[in-house]
Each structure stands twice: as C-alpha cells, then as structure tokens.
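> could you work out the structure for the sequence below:
(one chain, ligands or ions: 2)
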Amino acid sequence: MEKIKIGVDYYPERWGEAMWESDAVRMKEAGIKVIRMAEFAWCKMEPEEGRFELDWLVKAVNLFGSYGIQTILCTPTNCAPLWLYEKYPEILQVQRDGKRTYPGVRSHRCYNSPIYRLFVERIIRKMSRVFAGNPYVAAWQIDNEVDAAFCCCDVCAEKFRGWLKEKYGTLDEINRVFGNEVWSGSYSSWTQIQPPLGDRSLVQYNPAYLLDFQRFASDGVVEYVRFQANLLRETFPDLPITTNTWYCDYMPDFYDLFEELDICSYDNYPSFEISEEGYSSHAFHLDMMRGVKRRNFWIMEQLGGAIGGCWMPMGKTPRPGVLKGMALQAIAHGADQVLHFRWRSSTTGAEMYWHGILDQNNIPGRKYRELQDLCRTIEKQKGLEETTILSKVAILCSFDSEYAWKLQTQAEGFYYLEQLQALHAAFTGYGLNVDIIHEEAPLDEYEIVAAPAVYVRNRKTARQLHKFVEKGGMVILTARSGVKDENNNCIMEAMPAGYREMTGCQVEEYDGIGHETNTVIMDGIAYPVTQWCEILQVDRAETIAVYGGEFYAGAPAVTRNRYGAGSVYYIGTVGKPSFYEALAKKMLEEKKMRFTTELPARVEMTVRENDEKQFVFLFNNDKKEKRFVLEGTTIELQPFEMKIQEKIKIK
Ligand code: GLA
Ligand code: ZN
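Ligands and ions are numbered 1, 2, ... in the order given. I've put the predicted structure just below:
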C-alpha cells in the first residue's frame, strides 16, 4: 500500500520554468511527496485549435519527479480556452434567464455539449499520448469541482426530454407522475418540456418536475466524468482516477459520481473560527467523504492559508497549529493523501488573496515550517497507511432527500444534512467512529443506524432498515420521514409512511416553527427545540419526551418502540446539541456499547486500525487549550493540536 502523502497544488504554467527548480528544492525540504497540476492549463496546452504544446508540462512533471515528487495530473477541462468559446459559443452554459454565460471567469462549459466533448476527448488523448508510461504520474484528477448546476441550453433541453422518455415512456405518464393538472401544466407535446427557464424562483416550479431535472443534471455530470475516466483508462488502466468534489449548492450525487472512479476526493477548507452554536466540525464532511466509497479518500485541496479575498472578504490567517491540526484531522477520518491549496499565493488573477503555504513574497515562513512539521509527523507513523476506520454507528444519506429538501424549504433554518450532522456530533462526542453512508449501503456491520429525515421514499432503504431492526439493530428516524414518494409528491398516508410499523407511532399534526423555540421534557429536563415539531400519536411505542409548550404541550415528541429483536427511536423535532447528546447516551447504554464520557467539548477522538495496530487520534478542534483525564491518563492539548497514540491490538 502507498504511504500516506502530504502535498500541494502547483501551477507551473503560472510561475514559469525559472522558478520550478527552486520550488522543487523547497518542497523536498518540506517533505512534500505529491503535487497536483494542470487543472486550469488548457490554453497553454492548446494555444490554438489543434496546436498542442505539452513539452513544458512534461518537463515540469519530470523535474519534480527527479526530486521524488509525484504528480497527480488533471484534465484541464474546467476552463476551455477562449478561442474555443469564441469559435463554438454553443458550448457555453445557458443560465435560467436564457442567456449564455459570458466566458471570462471559469467553469462555463456545458457538460452535455457534443462539440465540447469532442475537444475534451482531443486534449485527453493528447495528454494520454504524451504521459503514457511516465513514472512520475501517480494519478489523474478529472476536471475540477464539477457541479450539477442547471444548464438550460437546447442540447440539455433535448437531452432532458430523452431522459424523461426513457424513465416514463409517454407524455401521459409524465403528466400523471408530475401531477401536471395543477396550474394547467399538462404537456401536450414534447417540445413543451423545457429546463426551468425564466425569472420565477425555482420554488415556484413543480417539485416533481424539479427533482427530476436535478437528477438529470446530476446524471449529466456523472456521465461527463465517466466519459473522461473511460478515455484515461485506455492508456492508464493502473492509475487511480478521481475528481475533486465539494459541498456546494448544486452537488452532484456523490455516490453516483464516484461509483466508477477509483477513489473519492474532496476539497477541504475547514473553519477555525469556533461557533458556540451549531455544528462547525469538518469531521462530519470528512466522514461523509469516507462513506462515499466506504473506503479511505484523498483531499485534493486542503486549507493552506487565509481564504477569501474574492467572492468573500479575506479571512484570518490560520492560527499556529491550524494547518497541521486540520490536515491531521482529515487523516484521522480516513484521508490517505492531503494536498494543500496551494504552494504559493498567486500574484495575479481573481483569487490572488486566497492564500497558499508561501505568500506572494515567496519567503518560506510560519506556514511552510508547519507544513514541514506535518510531513515529519506523518513520516513517523509507520503502518498508518494500512489502516481503516471501523464503526458501529452509521448514518444514512440520500441525495434524493437532499435535493427534494433544497427544492422546497421545509421551515426556516431546517436543513436536511444538518439532521445527519446533529446525530453525527452526538455520537462522535462519545469517542465513537461514525460512518455516513448511502441509504442503500449494507448495514450488517453496525449496531446503530440513524436514518434522519428519510424524506423521499426509497423502498430498498425501508426494507433494509426493517431487516436490520428485526435482527436486533437499533434504528433512529427523525422528523420529516416518510413524507414524499419517489416522484417528490406527498404520500396520502400518516407519516412516517413506510415506517409506522417499526416506529409504533405516527404523526398526528406538524408545526414548522422555524427560528422560534419550544421545549421538550425528557427525564425531567427541559431541552429547547426549534424548526419543526411533530405531534406524535403513540400506538405501541413508549414516550421518551413530551413537548413543554404550545397547544400540544404534553404530547409525545420522541418515542421508542420494540420491533423484532431491536428497537426504533423516532425523534419528531429538532433539538440543540445537548438534546442529541442525552439521547445518544440513552441509546448507547441500551445497546451496551463501549463509549467514553471523558472527552471535553470539541475534542475529537477517532481510531484507524488494522488487524495488528490501532492509531488513536485525539484532536483539539478548538482555540482553547484542553486538559482532561482519559482512562486514567492526563492529556493536554494545545489549540488545534492532534495527538496520535499507537496501540498494539491484543488478540
Ligand atoms: C476551489 C477550487 C480552486 C480554488 C479554491 C479557492 O476549491 O477548486 O481552484 O478556486 O476553491 O477558492
Ligand atoms: Zn447545456
């Protein structure tokens, strides 16, 4: 297995050959083993149509290679050269207002454009020829931060019609499924099917239609990435291929996106500003990335300096310990490579103030020394590369629910992924590893499975959860479960539809209270709740908490039901961290699982292990020092410090 590597993102096209060698020397001295190059370098590789110049890139790859630094090469397809847009303006995305995007920034291309695909294929084939057999190319990254934004061009419109035809067959069926009688919206010809063009906000469109358009947009980008991966595989069948994803407004379905790629990778810019309210730890994002392929992942861009200075104001410079600590936090959650964005802050371009390891002055300073320290720390962890993370608790994630939720605001401040995050924070707070996995993933290895807000129906998920409880597992369901069918229409049944048997309760009425608060009383303690309150009618379940206020004071808010050999909790509202902590403790005690109550707030513990060894990671994700006793040993952690303890497993 490959060693765990620390790296940086590097832009040789920006710095010019004269600087490469001194950069390579400094990188080597820091302990850098890998760099990522070329994701925005198309105009330098193909300055005019059909004239390719790749010698400079080969030279760069070879030069860094000679210093022991491998390259993750990128397909440069995020930014087509301007000549390409000028000659073929139809490859530009069309926005919802019907206008083509104006080229001049980046990411303007329509993934579905056949002409664009032709040029993409050409540059990839050219790069493949030039880099075939190059020993310094370690992997490929496809494009850069692809998203599933809504392109409304004619090609996409036609492709969407084809997508619907394949799914539903006839216009009548589409009309039925979309419920198009509402507002007299039935299609009488295929040409009436359009992308969501116009100046009305998306929330005014039919949710069934919109969810399909979002799925179609995601499928388009997934297909585009596969198209590139297949081209690369012709020449590089043994190299890992990835694409760097991120949490953005129009996320592609991560599970689909990475299904045919070798490794999941992610751009990680954790905040070191600690909010007392809410959930700010990127442990959640990292665990979600590990869950995409249910295996370790890479970070292609990691916080390297002060961020912002472009679409948001410049932020603070990372405090001492932050760069190292946050990179180790990613490793603690399963990252096997961490590449920092970027080697040096740029002196030109829109993002010149998005800082790298070196500032524009090109003088190695505090951040460089911290990176060096990080590399040395990683070097010392022998065998860490062979370890993975084993968890007894899983949280299910559904992109259908994420999309449907985003397309229709449920109540102010109420957000799907945050329901997952709340439970994640509660269980990890007790020192447990937690997996976040696709809703259809196998559940055999878990003791507790949370399926927060299973909002859009998935029959396979429901079947698996039933089996899991029947065999003795514990399931947690939360508010807004069993609401929608697969088409994003409401189910005419009591909620949680498809789960009432196992919950032993049903939703009598609900109250979207948004930013207002109510309380629930559990074990004599009042906990504030907000956003959403479901008044539960208990059929067979036991009441765990009741509402403290409103016309439904005294009505059940949280229940537990025995089902098969297992049990099911239903949480009908949205609490603050202390509420989920109290609930998680109850659940862990009921399952007789091992956990610790000794971790102070914002101290995170994870374990990476293999058959022989365990690496215990203790991370202080806070700007205050921490001193506490864990299993009889006093532990002190500086702000953002990570301590790694190696333990031999006793068999
Ligand atoms: C993203 C992009 C990078 C860079 C950074 C900073 O992660 O992939 O190219 O723009 O953001 O904004
Ligand atoms: Zn398009």
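> residue 209 belongs to a strand?
No: secondary structure of residue 209 (DSSP: H, G, I helix; E, B strand; the rest coil): helix, not part of a strand.
> burial check on it, number of neighbours?
Other residues near residue 209 number 22, with proximity taken as other C-beta atoms under 10 Å. Where C-beta positions appear, they are placed from N, C-alpha and C, glycine not excepted.
> kindly report the same for the one 10 residues further on.
Here the neighbour count serves as a burial measure; for residue 219 (other C-beta under 10 Å) it reads 18.
> now do the contacts for it.
Listed by C-beta atoms under 8 Å, 6 or more residues apart in numbering, the contact partners of residue 219 are 163, 256.
> surely it is within a helix?
Yes: assigned with three-state DSSP, residue 219 falls within a helix.
> for the stretch 101-250 of the chain, what lies in contact range of ligand 2?
Applying the criterion C-beta under 5 Å from the ion, the portion of the stretch 101-250 of the chain that neighbours ligand 2 consists of 110, 112, 151, 153, 156.
> which bits of the chain sit near ligand 1?
Taking C-beta under 6 Å from any ligand atom as the criterion, the chain approaches ligand 1 at residues 144-145, 267, 301, 341, 351, 354.
> scan this protein for its longest strand.
What stands out as the longest strand in the chain, according to DSSP state E, is strand 505-522.
> what mean pLDDT does that strand get?
Looking at strand 505-522 alone, the average pLDDT works out to 98.
> check which helices and strands that strand is in contact with.
For strand 505-522, the helices and strands in contact under the criterion 3 or more C-beta pairs under 8 Å, 6 or more residues apart in numbering; DSSP states H and E are strand 525-538, strand 542-547, strand 556-563, strand 573-575, helix 577-590.
> and for the closest residue in space to residue 59 that isn't next to it in sequence, the neighbour number?
Counting by C-beta to C-beta, 6 or more residues apart in numbering, residue 59 lies nearest to residue 17, which is 7.1 Å off, once chain neighbours are set aside. Close neighbours of residue 17, defined as other C-beta under 10 Å, add up to 11.
> quick one: the helices in the stretch 51-200 of the chain?
55-66, 82-87, 114-131, 154-168, 171-178 (DSSP state H, counting those that start in this stretch).
> in CSV: those helices, plus mean pLDDT, distance to residue 646 and mean neighbour count.
Compiled in CSV, those are given as follows (pLDDT from 0 to 100; distance: least, C-beta to C-beta, whole Å; neighbours: other C-beta atoms under 10 Å):
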stretch, mean pLDDT, distance to residue 646, mean neighbour count
helix 55-66, 98, 32, 17
helix 82-87, 97, 52, 15
helix 114-131, 98, 38, 17
helix 154-168, 98, 51, 17
helix 171-178, 98, 56, 17
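> out of these, which comes closest to residue 245?
helix 114-131 (18.8 Å; C-beta to C-beta).
> the residue of the stretch 351-500 of the chain at minimum distance from ligand 2: what secondary structure?
The shortest separation between the stretch 351-500 of the chain and ligand 2 is 18.9 Å, found at residue 403 (distances taken as C-beta to the ion). Assigned state for residue 403: helix (three-state reduction, three-state DSSP).
> what is the neighbour count of the residue nearest to it when sequence neighbours are not counted?
Counting by C-beta to C-beta, 6+ apart, the nearest residue to residue 403 once its immediate chain neighbours are dropped is residue 214, at 4.6 Å. By the other C-beta under 10 Å criterion, the neighbourhood of residue 214 contains 26 residues.
> my guess is residue 214 contacts residue 149. True?
No: the pair residue 214 and residue 149 does not pass the contact test of C-beta atoms under 8 Å, sitting 10.1 Å apart.
> okay, and the common contacts of those two?
Taking C-beta under 8 Å, 6+ apart as the contact rule, the neighbours common to residue 214 and residue 149 are residue 250.
> so what's the residue nearest to residue 151 when sequence neighbours are not counted up against?
In space, not counting the residues next to it along the chain, residue 151 is nearest to residue 93; the distance is 4.4 Å by C-beta to C-beta, 6+ apart. With contacts defined as C-beta under 8 Å, 6+ apart, the neighbours of residue 93 are 100-101, 108-110, 149, 151, 153.
> could you redo the last one with a cut-off of 7 Å?
Residue 93 makes contacts with 101, 108-110, 151, 153, as judged by C-beta atoms under 7 Å, 6 or more residues apart in numbering.
> coming back round to it: quick one: the helix or strand containing the residue nearest to residue 403 to helix 114-131, angle?
Residue 214 is part of helix 207-235, with elements assigned from DSSP states H and E. Angular relation of helix 207-235 and helix 114-131 on a 0 to 180 degree scale: 30 degrees, by axes from the mean of the first three to the mean of the last three C-alpha atoms, to 10 degrees.
> any idea of the mean pLDDT for helix 207-235?
Across helix 207-235, the average pLDDT comes to 98.
> what's the distance between the closest residue to ligand 1 within the stretch 351-500 of the chain and residue 274?
Proximity to ligand 1, evaluated over the stretch 351-500 of the chain using C-beta to the nearest ligand atom, is greatest for residue 354 at 4.5 Å. Relative to residue 274, residue 354 is positioned 22 Å away (C-beta to C-beta, to the nearest Å).
> looking at these two, which is more packed in?
residue 354 (23 against 14).
> the more buried one should be in a strand, yeah?
No: according to three-state DSSP, residue 354 belongs to no strand; its state is coil.
> for whichever residue of the stretch 1-150 of the chain sits closest to ligand 2, which residues are in contact?
Taking C-beta to the ion, ligand 2 has its nearest neighbour within the stretch 1-150 of the chain at residue 110, 3.2 Å off. For residue 110, the contact set (C-beta under 7 Å, 6+ apart) comprises 91-93, 116, 151, 153, 155-156.
> equivalent analysis for residue 68, please.
Neighbours of residue 68 in contact, by C-beta under 7 Å, 6+ apart: 28, 33.
> neighbouring contacts of stretch 483-502?
By C-beta under 7 Å, 6+ apart, the list of residues contacting stretch 483-502 reads 177, 179, 207-208, 211, 404, 455-457, 462, 466, 469, 475, 477, 481-482, 503, 506-507, 561, 563, 568.
> output stretch 313-320 in PDB with nothing but the alpha carbons.
Backbone C-alpha positions of stretch 313-320 (Å, rounded to 0.1, in the frame of the first residue of the first chain) are rendered in PDB as follows:
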ATOM      1  CA  PRO A 313     -13.800  39.100   2.200                       C
ATOM      2  CA  MET A 314     -10.400  37.900   3.200                       C
ATOM      3  CA  GLY A 315     -10.400  35.800   6.400                       C
ATOM      4  CA  LYS A 316      -8.000  35.500   9.200                       C
ATOM      5  CA  THR A 317      -4.700  33.800   8.700                       C
ATOM      6  CA  PRO A 318      -4.700  30.200  10.200                       C
ATOM      7  CA  ARG A 319      -3.500  30.300  13.800                       C
ATOM      8  CA  PRO A 320      -0.400  28.400  14.700                       C
END
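> just checking the distance from it to the centre of its chain.
Its chain's C-alpha centre lies 23 Å from the corresponding centre of stretch 313-320 when counted by C-alpha atoms, centre = their mean, to the nearest Å.
> any idea of the mean pLDDT for it?
Mean predicted lDDT for stretch 313-320 stands at 96.
> pull out the buried residues from it.
Applying a neighbour-count criterion of 16 or more other C-beta atoms under 10 Å, the buried positions in stretch 313-320 are 315, 317-318.
> quick one: which of those is nearest to ligand 2?
Checking these one by one against ligand 2 (C-beta to the ion), the nearest turns out to be residue 315, at 34.1 Å.
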